[in-house]
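*Asks:* fold the following, please.
(chains A and B)
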Amino acid sequence: MFEPFFLSFKLASLTVVILFIISLPLSWYLSQTKSKIKPLLEAITALPIVLPPSVLGFYILWALSSTSPLGAFLEDYFGVKLVFSFSGLVVASCFYSLPFMVQPLQNGFQSINKNMLEASYIAGKSKIQTIFRVALPNMKPALLTALVVTFAHTVGEFGVVLMVGGSIPGETKVASVAIYEMVEVMDYKAAHIYSIIMLLISFIVLLSVYIFNAKHNRKFGFTR
Amino acid sequence: MIHIAIKKRLHGSHGDMNLDVKLDIKNGEFLALSGASGSGKTTLLRILAGLEESDGFIKINDTIWQDEKKMLVPQKREIGFVFQDYALFENMSVLQNLLFVKEDRELALHLLELTELDKLKDRYPNSLSGGQKQRVSICRAMMAKPKLLLLDEPLSALDPNIRTKLQQELLTLHKEFQTTTIMVSHDPSEIYKLATRVIVLDNGIIQGDGTPKEVLLKTQGSQKFSFDGELLELKKIDVIYIAVVAIGQQIVEVVLSKKESIGLKVGQTITLSTKAFSPIISHP
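*Replies:* Alright, predicted model coming up:
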């Protein structure tokens, strides 16, 4: 009976991993560049925050369907069908949650003392070594915020999932969609159980993040 | 030997200016870089470190750091850099900060001992005082046994007692490692104690170059003492005038005749000199 939850968490975990890999170089670039295309990239990255999920879902559906060039290419050469499948949901979630990963990471990188990064370069360390050994360990609250909020935001997505994934049990029927259907068929008892679980999990996760950040700030202080 | 011939257009707070520096530095020299703020001192240091681009040529011994064709990245220059704000890696202990540069435990412990930090080696930067942090930063810069050590106003944020102690330590380190050093400093006593040569930069151009004595000593002719100070107050008492002058951290009173007092304005920078023959030196 709790299959939709597992599906939600599986989707969110995969999305977090994929987005972290994509966002790390992107947010680093955005934090360091003085290039004129920076505002353009920032605007594109932030789009999913303001776009109605239905618009995002519609474009993803259109781009991935077997009648579009991209969808046809993927189906012909790799045999993957991204519409109404779990893989499609992962792709859609990566678009939908992108800003929630990129923005905290970018802010985190920007908050790091530039001299600290330069001291690392002078010590002979490459940019990649500097990111992993100096930058990321010194922005743990931003890192945690990025990972947790992306996870929570993916668990909480509804509109895009419904459009791109539909509601196939065990494949694309995640918790949020399941609740919608329960309400639709007036199974309020199940809807209550699902909803209270969602509410508690979300609350506990966010509370843990804020407690961690408060502790971290008290320990290291904010002198910058 | 280090040959420097660089040019760069700077957009400073006082409008645009051209940094244009030609300089040869001998190995083992301790060079103090002085000059008003905005004269291009920090930029020169950053250009030498490879952190900022410029036109021109930098060569150290037989290695070219920069010419028309190439620009060596900071990672490959084998330099040490000490920032005014320390820039320690806050996620690492004192010892780890040093070992991050080079996995040479023996050298790290030796440096920490020289600077009396050995007891603090497992502490994290946020639990250290400013003076301790800057000592760690200096040790960290020495870990790579740099060909050139660059210090950007390393002691200016510290209080006078700690400054004196750290100046002594810098001197100890320089004696032991003979590292060619360039230090930005505004403090004449610091320059006199540490440097073998002073460069004065003004608006991006070298205006003075010599030993600390030649550049810093203000007396000319038969004067024995000469100080620059700020006139704080000018008061008339009976037939004489008394000027109150701030020199460094001290306030002194000087008696003037009416003639001498003409044209003086409070707030003005003045030079105070005397021809006293036998000064009395005492200590508390």
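*Asks:* for the residue most central in space within chain B, give me its contacts.
*Replies:* Nearest to the mean C-alpha position of chain B, by Cα atoms, centre = their mean, lies residue B:185 at 2.0 Å. The neighbourhood of residue B:185, defined by Cβ atoms under 8 Å, 6 or more residues apart in numbering or on different chains, consists of B:32-34, B:153, B:155-156, B:191, B:194-195. In short, each C-beta sits where N, CA and C put it, glycine included.
*Asks:* so it versus chain A, what's the distance?
*Replies:* From residue B:185 across to chain A, the span is 18 Å (Cβ to the nearest Cβ, to the nearest Å).
*Asks:* ok, now residue B:252?
*Replies:* In this structure, residue B:252 and chain A are separated by 38 Å, where distance is defined by Cβ to the nearest Cβ.
*Asks:* show me the beta-bridge partners of that residue.
*Replies:* With DSSP bridges applied, residue B:252 shows beta-bridge pairing to residue B:245.
*Asks:* tell me the contacts of it?
*Replies:* Going by Cβ under 8 Å, 6+ apart, residue B:252 touches B:229, B:244-245, B:272.
*Asks:* can I have the buried ones of those residues as a PyMOL selection?
*Replies:* Selection of the buried residues among those in PyMOL, burial being defined by 16 or more other Cβ atoms under 10 Å in any protein chain shown:
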select buried, chain B and resi 229+244+245
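*Asks:* adding pLDDT and distance to residue A:133, write the contacts of residue B:252 out as CSV.
*Replies:* CSV is the format used below for the contacts of residue B:252 (pLDDT from 0 to 100; distance: Cβ to Cβ, whole Å):
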residue, pLDDT, distance to residue A:133
B:229, 85, 50
B:244, 90, 56
B:245, 89, 53
B:272, 83, 54
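*Asks:* which one of the contacts of residue B:252 is nearest chain A?
*Replies:* Within those, distances to chain A taken as Cβ to the nearest Cβ reach their minimum at residue B:229, with 34.9 Å.
*Asks:* output the contacting helices and strands for the host helix or strand of the closest one.
*Replies:* Under DSSP states H and E, the secondary-structure element containing residue B:229 is strand B:225-237. Under the contact definition 3 or more Cβ pairs under 8 Å, 6 or more residues apart in numbering or on different chains; DSSP states H and E, strand B:225-237 sits against strand B:240-247, strand B:250-256, strand B:269-274.
*Asks:* from those strands, which stretch is densest packed?
*Replies:* For these, the stretch with the most neighbours on average is strand B:240-247, a mean of 16; neighbours defined as mean count of other Cβ atoms under 10 Å in any protein chain shown.
*Asks:* now the helices for chain A?
*Replies:* Using DSSP state H, the helices of chain A run over A:3-32, A:38-50, A:53-64, A:69-78, A:86-111, A:114-122, A:127-130, A:140-155, A:159-165, A:175-184, A:188-220.
*Asks:* quickly note the distance from residue B:174 to chain A.
*Replies:* When distances are taken as Cβ to the nearest Cβ, residue B:174 and chain A turn out to be 19 Å apart.
*Asks:* you'd agree that residue is in a helix?
*Replies:* Yes. With DSSP: H, G, I helix; E, B strand; the rest coil as the criterion, residue B:174 is located in a helix.
*Asks:* could you check the pLDDT of residue 108?
*Replies:* No chain in the question, so chain A it is. Per-residue pLDDT puts residue A:108 at 96.
*Asks:* to clarify, I was referring to chain B.
*Replies:* Confidence per residue is given as pLDDT, and for residue B:108 that number is 96.
*Asks:* Provide a list of residues in contact with the residue lying closest to it once chain neighbours are set aside.
*Replies:* By the measure of Cβ to Cβ, 6 or more residues apart in numbering or on different chains, the closest residue to residue B:108 outside its immediate chain neighbours is residue B:98, 4.1 Å from it. Taking Cβ under 8 Å, 6+ apart as the definition of contact, the neighbours of residue B:98 are B:108, B:111-112, B:136, B:139-140, B:143.
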